[in-house]
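Student: Quick one: sequence and predicted model below, then my questions.
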Amino acid sequence: MTTLPIKGPHRSFLQALASSVFSHGRYTDKGRFADRVSDAAAVNSLTSDQSLKSPADNQFARSITCLPLLDTQSLCDRQRADLVIGSAAVEAAWKAVQADPLWSNRSLMRNCILLALIVRDILHGIGRSDAVVMPVGAQLLRYSNRKLLNALTTGSPDAPVLPNAWNAHMVVKIGDILLDPTCGQTQRHWNAAPDTAALLLRPGCSKVSLFEHGEADAIAQFRYDRAGYDYVMSYFYLTPPSAKRAEGWHACKDASPNRRAPLVHSALQMLRNIQLPLARMGTAA
């Protein structure tokens, strides 16, 4: 990638940002994670009794970057611009969280509703009113010689109803790019999941098995291999039973505008001198 449809006095800054986004190798459905994800895998090498803990529980000791889990060379200029804009919003959101004394000692990696709404509001604040949040399901599978070893699914119809829990996952859509600001909540001792991720939105790209509950339609998918194991990360449309259970997210504490407003303001201040591409302007659905 050598050019982006970026105009204005801050073109050189955005070109540098884009260069950073695209400088970590080519991410394809048959590719490998970059070194920064293998670092997460090393941290993930825990004993079995620690399997429910993860680096996601410590969001403060490192810089959180948005990993592009897609083939950047196959993107059109509009999609590249959306990837740059979305990545900037995700990273600004986490910088705001880490810099805020009210939040800096709390792990928010599992607060997908809050972080997704922050990222959406940041995008609206920089002129991308077409950005929307999407309740989805998420699944991460590990295979060895095509044998399923581990499965982690959010949004399954058979998940128990727990107090203060929401059986779905929240992501952000901007153009054809799907942003997951809290992908790190899938980190376990057996995988190398990134903190945050950007994927290409491809509705109908595949089917996701919900085991005895049938299948769901995938909207984004990424395959990778690590240390001799094969992984499949999928985001999918919620099935009708799961979608019905997820309808109440607007009433969650994390959905309150007042709860996220200071973080959104802080992130927008960080981006105030950046003129981002304005492709695909529109009205939020």
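Tutor: Perfect, thanks for sending it. Numbering: from 1, shown residues only.

Student: Packing partners of the host helix or strand of Ser87?
Tutor: Following DSSP states H and E, one finds Ser87 within helix 77-99. Applying 3 or more Cβ pairs under 8 Å, 6 or more residues apart in numbering; DSSP states H and E, we find helix 77-99 packed against helix 11-22, strand 66-68, helix 112-125, strand 169-174, strand 177-180, strand 196-200, helix 257-270. Any C-beta I mention is one placed from the backbone N, CA and C, and that applies to glycine too.

Student: deepest of these, which one?
Tutor: strand 177-180 (a mean of 28; mean count of other Cβ atoms under 10 Å).

Student: roughly how far out does that one sit from the chain middle?
Tutor: Here the centre of strand 177-180 is set off from its chain's centre by 5 Å, with Cα atoms, centre = their mean, to the nearest Å.

Student: Show me which positions of stretch 64-75 end up buried.
Tutor: Ile64, Thr65, Cys66, Leu67, Pro68, Leu69, Leu70, Thr72, Leu75 (16 or more other Cβ atoms under 10 Å).

Student: those helices in the stretch 101-250 of the chain, which residues are they?
Tutor: According to DSSP state H, counting those that start in this stretch, the stretch 101-250 of the chain carries its helices in the segments 112-125, 240-245.

Student: what's the closest of the ones you listed to Ala197?
Tutor: helix 112-125 (12.2 Å; Cβ to Cβ).

Student: between that closest one and strand 169-174, how big is the angle?
Tutor: Angle, helix 112-125 to strand 169-174, by axes from the mean of the first three to the mean of the last three Cα atoms, to 10 degrees: 10 degrees.

Student: can you offset everything so residue one is 761?
Tutor: With the count now opening at 761, the last piece we talked about shows up as helix 872-885.

Student: Go ahead and produce PDB holding the CA coordinates of helix 872-885.
Tutor: What follows is helix 872-885, C-alpha atoms only, in PDB (Å, rounded to 0.1, in the frame of the first residue of the first chain):
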ATOM      1  CA  CYS A 872     -17.600  -5.100  25.200                       C
ATOM      2  CA  ILE A 873     -20.800  -3.000  25.200                       C
ATOM      3  CA  LEU A 874     -19.000   0.000  26.800                       C
ATOM      4  CA  LEU A 875     -15.900  -0.200  24.600                       C
ATOM      5  CA  ALA A 876     -17.900  -0.700  21.400                       C
ATOM      6  CA  LEU A 877     -20.100   2.300  22.200                       C
ATOM      7  CA  ILE A 878     -17.000   4.400  23.000                       C
ATOM      8  CA  VAL A 879     -15.400   3.500  19.600                       C
ATOM      9  CA  ARG A 880     -18.700   4.200  17.800                       C
ATOM     10  CA  ASP A 881     -19.100   7.600  19.500                       C
ATOM     11  CA  ILE A 882     -15.500   8.500  18.600                       C
ATOM     12  CA  LEU A 883     -16.200   7.600  15.000                       C
ATOM     13  CA  HIS A 884     -19.300   9.800  15.000                       C
ATOM     14  CA  GLY A 885     -17.300  12.600  16.600                       C
END
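
Student: hmm, who's touching that helix?
Tutor: Contacts to helix 872-885, defined as Cβ atoms under 8 Å, 6 or more residues apart in numbering, come from residues 845-846, 849-850, 852-854, 856-857, 868, 891-893, 926, 929-932, 934, 939, 941-942, 945, 1009, 1012, 1014-1015, 1019-1020, 1023-1024, 1027-1028, 1031, 1044.
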